[in-house]
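[1] sharing a sequence plus its predicted fold:
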Amino acid sequence: MIDVENLSKKFGDVTAVDEVTFHVNEGEVFGFLGPNGAGKTTTVRMLSCLISKTSGDARIAGYDINNTDDSLKIRKLIGLVPDNVGLYEELSAYKNLDFYGKLYECNKIQREENIEHFLRMLGLWEKRDVAAGAFSKGMKQKIAIARALIHEPEILFLDEPTVNLDPESSKMVRDFIMELKKEKKTIFLNTHNLDEAQKICDKIGILNTKLMATGTPEELEGSVWGNKTVIQLEKVNDMILDELNKLSLKKIIYDNNKLTIDVVNPKKENPIIVAAIVRAGGQVQYVTELSPTLEDAYLKFVR
Amino acid sequence: MKLWKSWVIASKDFSVFRKKKSVIYSVILIPLLMSIFLPFIIGSAGMKGSGVTIAEFASLLNSFSFFFVILAASLTTVIASYSLIGEKIEKSIEPLLATPTTDKEILLGKSFAAFLPPILSIYIGLGIFMVLIDKMTYNTLGYFYYPNWNIAIIIVLVAPLASILSVELGVILSSRVNDVRAAQQLGQLIIIPFFGIYILGEIGYISLGINSMLVISAIMLVVDIFLFYISTITFRREEILTKWK
């Protein structure tokens, strides 16, 4: 659905996006994680045909982002929620959506049906005639998402949709995105909220001008240092260490009677490790698994 | 190019302006006051045995009707500032640019929005002005002074061209200024040449008759075409998103 090959953008001498390559499949939620200034917004703007690329290629549903004729077709296919909601505060929620429905060339019936559908879904139908300026930040953000969906796009670009929102509003917006995920929309989500990315995304790309890594959240976590098993013993002695060394484990660290052991398959290896310790006379107090988090992966790639 | 899209954008702007009292007051009240105030001055100065000849009286009326050209330029700046910088301030420009609408359709829509309300208001003001002057001249000179070729040229050429000049200046200014008031203040500089023409007319250096109006129109047309070229360069989505301050 989204095919990006060596896409770059330079502003003068400054490289904002450097030879980024990734693919997003239909119905997939792809998260772009990265610090401020990593090039996330620039990438979304290039893919939304708002700014031109410097080099590389990108296609949205087969259309070339750099082709003038294709760019109008792409803009019809996509919905964009920029990092600022940008509603017309003087106009009602209904009129905001109706205006964009017209620009997206929806007919009157489609506009009326979709506006009612989304405003009811957001719990705002009763307030449809209230000026957008009177809504809370979370509500405005939801209206902005509805605005991007008014023409039933195949792909939705969300640029940091929960930034600057309080936890309740963030949850409100996140739940709405989860609803869209259930409807099998292709979603491209820019965020620097790791928890949000982990909850929502099927695949994640970590961007820091260059694309540092891509994969499922689990793949990225696993790429940091694999799994570790932590075993607290009453006392670590040489016999226990000798017994463990016979198991050809990758790495064993012990500190203060606590063993931290690198394992490949914890479910298979942990019982063998514990049995070896018990055989050597060790007394196990507890066994726990130490798994890398998405934060570990993120920090590894952006630092 | 889909003209209806430009009209959708202009209509949205009209809805936004209707909620902004300062815009409504500027656009409706000023021409209205001018249309009543100017005949009142003319009535006091020229019609009560002050020794003003009919030729001098005609010249006075030509000069005063030129005030509406100044107003056309000035009021359009007020609207153009809201139309373009308002989108910047409310950050609504990016979702607008993300729609399948071309730069030209957006620029034309914004131009309609900035051009139509002031020019309609000016026409209404000019209508009232002409009726009041005609009432005055009919009573004292025995004929209706308006309509005449001079006011026709102002209505058809000079005022619209001055207004278009303001719209284009507004587009160019919007790319450099981030504040509606700053844009309005800078935009008001456009009235300086028009005031200059008015003063030259008043001191008798030039006549604000038909020939002068045609020359002024021709010059403005050339300037409008030049500024249109500059404004289309300025109004490109990449420029707007990455370079507009």
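    Structure received.
[2] number of nearby residues for residue 130?
    Reading this off chain A. Counted with other Cβ atoms under 10 Å in any protein chain shown, the neighbours of A:V130 add up to 14. Yep, even glycine has a C-beta here, placed from its N, CA and C like the rest.
[3] um, chain B though
    Taking other Cβ under 10 Å as the neighbour definition, B:M130 ends up with a count of 21.
[4] tell me the first helix or strand C-terminal of the helix or strand hosting A:K268.
    For A:K268, the host element (DSSP states H and E) is helix A:266-279. Going down the chain from helix A:266-279, the next helix or strand is strand A:284-290, by DSSP H and E.
[5] just to revisit the earlier point, CA atoms only for the helix holding A:K268, dumped as PDB, please.
    As requested, C-alpha coordinates have been extracted for helix A:266-279 and formatted as PDB (Å, rounded to 0.1, in the frame of the first residue of the first chain):
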ATOM      1  CA  PRO A 266      13.500 -19.300  28.000                       C
ATOM      2  CA  LYS A 267      10.600 -21.900  28.100                       C
ATOM      3  CA  LYS A 268      13.000 -24.700  27.100                       C
ATOM      4  CA  GLU A 269      16.200 -23.600  28.700                       C
ATOM      5  CA  ASN A 270      15.000 -22.300  32.100                       C
ATOM      6  CA  PRO A 271      14.000 -25.800  33.500                       C
ATOM      7  CA  ILE A 272      17.400 -27.200  32.400                       C
ATOM      8  CA  ILE A 273      19.200 -24.300  34.100                       C
ATOM      9  CA  VAL A 274      17.200 -24.700  37.300                       C
ATOM     10  CA  ALA A 275      17.800 -28.500  37.300                       C
ATOM     11  CA  ALA A 276      21.500 -27.900  36.900                       C
ATOM     12  CA  ILE A 277      21.600 -25.500  39.900                       C
ATOM     13  CA  VAL A 278      19.600 -27.900  42.100                       C
ATOM     14  CA  ARG A 279      21.900 -30.700  41.000                       C
END
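[6] list the contacts of it.
    A:227, A:229, A:231, A:233, A:240, A:243-244, A:246-247, A:249, A:261, A:263, A:284, A:287, A:289 (Cβ atoms under 8 Å, 6 or more residues apart in numbering or on different chains).
[7] which residues of chain B lie near chain A?
    For chain B, the contact set with chain A under Cβ under 8 Å from any Cβ of the partner chain comprises B:5, B:8-9, B:12, B:15-16, B:19-20, B:90-102, B:237-238, B:241-242.
[8] so where's chain B shaky on pLDDT?
    Within chain B, the stretches with pLDDT under 70 are B:45-52, B:245.
[9] how does it look with 50?
    Across chain B, no stretch falls below the confidence threshold (pLDDT under 50).
[10] show me what the strand or helix carrying B:S163 is packed up against.
    With elements delineated by DSSP H and E, B:S163 resides in helix B:159-174, which encompasses its position. Using 3 or more Cβ pairs under 8 Å, 6 or more residues apart in numbering or on different chains; DSSP states H and E, the elements in contact with helix B:159-174 are helix B:54-89, helix B:103-140, helix B:180-187, helix B:210-234.
[11] hang on, the earlier thing: buried only: go through the contacts of helix A:266-279 for me.
    The neighbour-count test (16 or more other Cβ atoms under 10 Å in any protein chain shown) marks A:227, A:229, A:231, A:233, A:240, A:243-244, A:249, A:261, A:263, A:287 as buried among these.
[12] same list (those) but as TSV, adding secondary structure.
    Compiled in TSV, the buried ones among the contacts of helix A:266-279 are given as follows (DSSP: H, G, I helix; E, B strand; the rest coil):
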residue	secondary structure
A:N227	strand
A:T229	strand
A:I231	strand
A:L233	strand
A:I240	helix
A:E243	helix
A:L244	helix
A:L249	coil
A:I261	strand
A:V263	strand
A:V287	strand
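[13] for my notes, please list those residues in JSON lines and give distance to A:F135 and pLDDT for each entry.
    Below are the buried ones among the contacts of helix A:266-279 laid out as JSON lines (distance: Cβ to Cβ, whole Å; pLDDT from 0 to 100):
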{"residue": "A:N227", "distance to A:F135": "46", "pLDDT": "78"}
{"residue": "A:T229", "distance to A:F135": "50", "pLDDT": "88"}
{"residue": "A:I231", "distance to A:F135": "54", "pLDDT": "91"}
{"residue": "A:L233", "distance to A:F135": "58", "pLDDT": "91"}
{"residue": "A:I240", "distance to A:F135": "63", "pLDDT": "89"}
{"residue": "A:E243", "distance to A:F135": "65", "pLDDT": "88"}
{"residue": "A:L244", "distance to A:F135": "61", "pLDDT": "87"}
{"residue": "A:L249", "distance to A:F135": "57", "pLDDT": "81"}
{"residue": "A:I261", "distance to A:F135": "54", "pLDDT": "89"}
{"residue": "A:V263", "distance to A:F135": "51", "pLDDT": "85"}
{"residue": "A:V287", "distance to A:F135": "51", "pLDDT": "91"}
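[14] list just the nearest of those residues to B:P39.
    The shortest distance between B:P39 and any of these, using Cβ to Cβ, involves A:N227 and amounts to 90.0 Å.
[15] my guess is the closest one contacts A:V263. True?
    Yes - under the criterion of Cβ atoms under 8 Å, A:N227 makes contact with A:V263 at 5.3 Å.
[16] can you pull the contacts of the residue nearest the centre of chain B?
    Most central residue of chain B, judged by C-alpha distance to the mean C-alpha position with Cα atoms, centre = their mean, is B:A72 at 1.9 Å. Contacts for B:A72 (Cβ under 8 Å, 6+ apart) come out as B:118-119, B:122, B:159-160, B:162-163, B:166.
[17] could I get the full set of helices for chain A?
    Remark: helices assigned in chain A by DSSP state H are A:40-47, A:68-77, A:93-103, A:108-121, A:137-149, A:167-182, A:194-200, A:217-225, A:238-245, A:266-279, A:294-302.
[18] chain B: which of the contacts of helix A:266-279 is nearest?
    Here the nearest of the contacts of helix A:266-279 to chain B, counting by Cβ to the nearest Cβ, is A:N227; it sits at 43.0 Å.
[19] the residue nearest to A:K185 when sequence neighbours are not counted: what's it in contact with?
    By the measure of Cβ to Cβ, 6 or more residues apart in numbering or on different chains, the closest residue to A:K185 outside its immediate chain neighbours is A:L156, 5.5 Å from it. The contact partners of A:L156, by Cβ under 8 Å, 6+ apart, come to A:78-81, A:145, A:148-149, A:180, A:185-188.
[20] report the beta-bridge partners for A:L156.
    Judged by DSSP bridges, the bridge partners of A:L156 are A:G79, A:I187.
[21] next one: it from B:T137, what distance?
    Using Cβ to Cβ, to the nearest Å, one obtains 66 Å as the distance from A:L156 to B:T137.
[22] is it true that B:S92 touches A:Y88?
    Yes - A contact is recorded between B:S92 and A:Y88 when judged using Cβ under 8 Å, the distance being 6.0 Å.
[23] A:I200 and B:P95, how far apart?
    Distance, A:I200 to B:P95, using Cβ to Cβ: 22 Å.
[24] quick one: which of the contacts of B:A72 is nearest chain A?
    Minimum separation from chain A among the contacts of B:A72 (Cβ to the nearest Cβ) is found for B:P118, which lies at 19.4 Å.
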